[in-house]
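>>> coordinates only, sequence not included:
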Ligand code: ADP
């Protein structure tokens, strides 16, 4: 790859990084309509290792209010998810226990804390009893929707959004039992305007801690809110990832926590056939791609490019050749992106052209062909093995066989390919695109 486009890609990635986490998370919520499958066991670290560990296999065992049980079933939930099995009894215990929980998106965290909040409020008390902070307005709205759905048969419990633009009259006091919002506004509502009396809060939820700390100021604001809450307030923190920075933040927000972690499913290259195609330029790569197009569109394929610009160009060229392709690009609004992914999932398009940043964390089960139009590299130009595994490994999930084709267009990219090959200790074979018998 030319160094110019490299630099461009790095700029793009960095600019995208901050807002990207929140957008990615929202995207995941918009396109997710069921639980992520996992066979891994949860890891539990109890505050008091001597106390018995409860885990439930049904919602009945939780002795929920009938209105809430009805809400849960109306959402189509039959039994608790893996993380809910242990998280729910802990959150619903008396006296309340603090919890830090980490698991990838789609494993049932939101549903779990929503149920905890709804269980703990007293609808007869017309003041805020639960605060839930989210990194962005849109994410807050998504959680709000879950509260509304689950609380459908419990209409006495009311919800209000503490988000910028939601202006209240000075001196007013909130009557709603649950307040959900972003840290800045929530802090103002507690401290500056006193719409909320923090001393009456019984449950404090901090959602998407990893996204939260990626935004300047959110960490401090969250800590300042937490400091105003009573000692016996239940503190709950959730995160999809758990790097050191998230962990140290979590410890400042949640004293004496129980900790639950659910590992991601391991990705594997075992069931994947990996090839490379040797070319001399971007145009040659395009030509090679056209040669294999018929073969790859038997299934659904994702094509990864390093920059938005290349992705846009490639999608344009493929369309000009008469192929119907979808483009998923960072320039699009999150809702537009969700619509593209939905169409692709429904099989309306067979090929999706995208960049790394855009497709991170998106699982499209039926994809069995992945093409690296550009090989994944980090900002120093070294092979990005993790991204490689994540792009390709997806095709190995669900027990299906997959196919990965890497486009190589220079000595530099050949070197990267070799290093990826060595890293995974898995042979990547050369594919002659004029003779495709091999892959069919
Ligand atoms: P997370 O917060 O970890 O991203 P969610 O709570 O949003 O996960 O759950 C992911 C998806 O799974 C949502 O569509 C949600 O409605 C659904 N879901 C959550 N818990 C259950 C359950 N126990 N049974 C079936 N579906 C569930």
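Yep, that arrived. Nothing here was measured: the structure is a model prediction, and the numbers come from that model. Numbers count the residues shown, from 1 in each chain.
>>> which parts of the stretch 51-200 of the chain sit against the ligand?
75, 77, 80-81, 84, 105-111 (CB under 6 Å from any ligand atom). Glycine gets a C-beta too; all of them are placed from N, C-alpha and C.
>>> Of those residues, which belong to helices?
Within these, residues falling in helices by DSSP state H are 84, 109-111.
>>> I'd like those as CSV, with distance to residue 348, neighbour count and pLDDT appended.
Shown next, in CSV, are those (distance: CB to CB, whole Å; neighbours: other CB atoms under 10 Å; pLDDT from 0 to 100):
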residue, distance to residue 348, neighbour count, pLDDT
84, 34, 25, 97
109, 31, 25, 97
110, 28, 24, 97
111, 29, 21, 97
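>>> Quick check: the two most widely separated of those residues?
84 and 110 (10.5 Å; CB to CB).
>>> any low-confidence regions in this structure?
1-19, 358-365, 394-400, 435-440 (pLDDT under 70).
>>> For residue 84 and residue 110, list the residues in contact with both.
Residues touching both residue 84 and residue 110 by CB atoms under 8 Å, 6 or more residues apart in numbering: none at all.
>>> outside of the helix or strand hosting residue 160, which residues touch it?
Using DSSP states H and E, residue 160 maps to strand 159-162. With contact meaning CB under 8 Å, 6+ apart, strand 159-162 is reached by 128, 140-141, 144, 147-148, 151, 166, 174, 176-182, 185-186, 189, 196.
>>> Now that we have these, which of them are buried?
128, 140, 144, 147, 151, 174, 176-182, 185-186, 189, 196 (16 or more other CB atoms under 10 Å).
>>> buried sites along stretch 413-421?
Neighbour counts over stretch 413-421 (16+ other CB under 10 Å) mark 413, 416-417, 420-421 as buried.
>>> what does that stretch contact?
Stretch 413-421 has contacts (CB under 8 Å, 6+ apart) with 1, 276, 278, 374-375, 377, 382-383, 385, 388, 406-408, 427-428.
>>> So which of these sit within helices?
Counting by DSSP H, these place 385, 388 in helices.
>>> farthest pair in the contacts of stretch 413-421?
1 and 427 (23.9 Å).
>>> neighbour count winner among the two?
Neighbours per residue, other CB atoms under 10 Å: of residue 1 and residue 427, the larger number sits with residue 1, 19 against 9.
>>> Please give the element, helix or strand, for residue 154.
Taking DSSP H and E as the definition, one finds residue 154 inside no helix or strand.
>>> I'd like to know how far residue 297 sits from residue 284.
The gap separating residue 297 from residue 284 is 20 Å, by CB to CB, to the nearest Å.
>>> What of residue 95?
In terms of CB to CB, residue 95 sits 68 Å off from residue 284.
>>> In terms of neighbours, single out the busier of those two.
Between residue 95 and residue 284, residue 284 has the larger neighbour count (other CB under 10 Å), namely 15 against 6.
>>> Please compute how far the helix or strand that contains the more buried one lies from its chain's middle.
Assigned by DSSP H and E, residue 284 belongs to helix 282-296. Taking CA atoms, centre = their mean, to the nearest Å, one finds helix 282-296 lying 32 Å from the centre of the chain it belongs to.
>>> tell me which residues in that helix are buried?
Buried positions in helix 282-296, judged by neighbour count with 16+ other CB under 10 Å: 282, 285-286, 288-289, 292-293, 295-296.
>>> What pairs with the next helix or strand after that helix, parallel or antiparallel?
Sequence order places strand 300-305 as the next helix or strand after helix 282-296, per DSSP H and E. Within its sheet, strand 300-305 is paired with strand 351-355 (parallel), strand 367-372 (parallel), according to DSSP bridges.
>>> Pick the most buried one from those strands.
Burial of those is given as mean neighbour count (mean count of other CB atoms under 10 Å); strand 351-355 ranks first at a mean of 26.
>>> Any chance you could list what contacts it?
12, 296-297, 300-308, 311, 314-315, 318, 323-330, 340-341, 344, 359, 364, 367, 373.
>>> Ok, stretch 148-156 next?
65, 67-68, 70-72, 74-75, 111, 114-115, 118, 123, 157, 159.
>>> Can you tell me how far residue 210 is from residue 236?
15 Å.
>>> returning to what we had before: of the buried residues of stretch 413-421, which is the nearest to residue 41?
Using CB to CB, the buried residues of stretch 413-421 come closest to residue 41 at residue 420, 30.9 Å.
>>> can you pull the contacts of the nearest residue to residue 256 once chain neighbours are set aside?
In space, and not counting its chain neighbours, residue 256 is closest to residue 47: 5.0 Å by CB to CB, 6 or more residues apart in numbering. Neighbouring residues of residue 47 by CB under 8 Å, 6+ apart: 97-98, 256-258.
>>> for residue 317, same thing?
residue 286.
>>> Torsion angles phi and psi at it?
phi -60, psi -40 (degrees, to the nearest 10).
>>> and if you look at the one 4 residues further on?
Main-chain torsions, residue 321, degrees, to the nearest 10: phi -80, psi 0.
>>> is it true that it touches residue 290?
Yes: using CB atoms under 8 Å, residue 321 is in contact with residue 290, at 6.1 Å.
>>> list residues touching both of these two?
Counting by CB under 8 Å, 6+ apart, nothing touches both residue 321 and residue 290.
>>> Helix or strand: which one has residue 205?
strand 203-206.
>>> With that, I have no additional questions.
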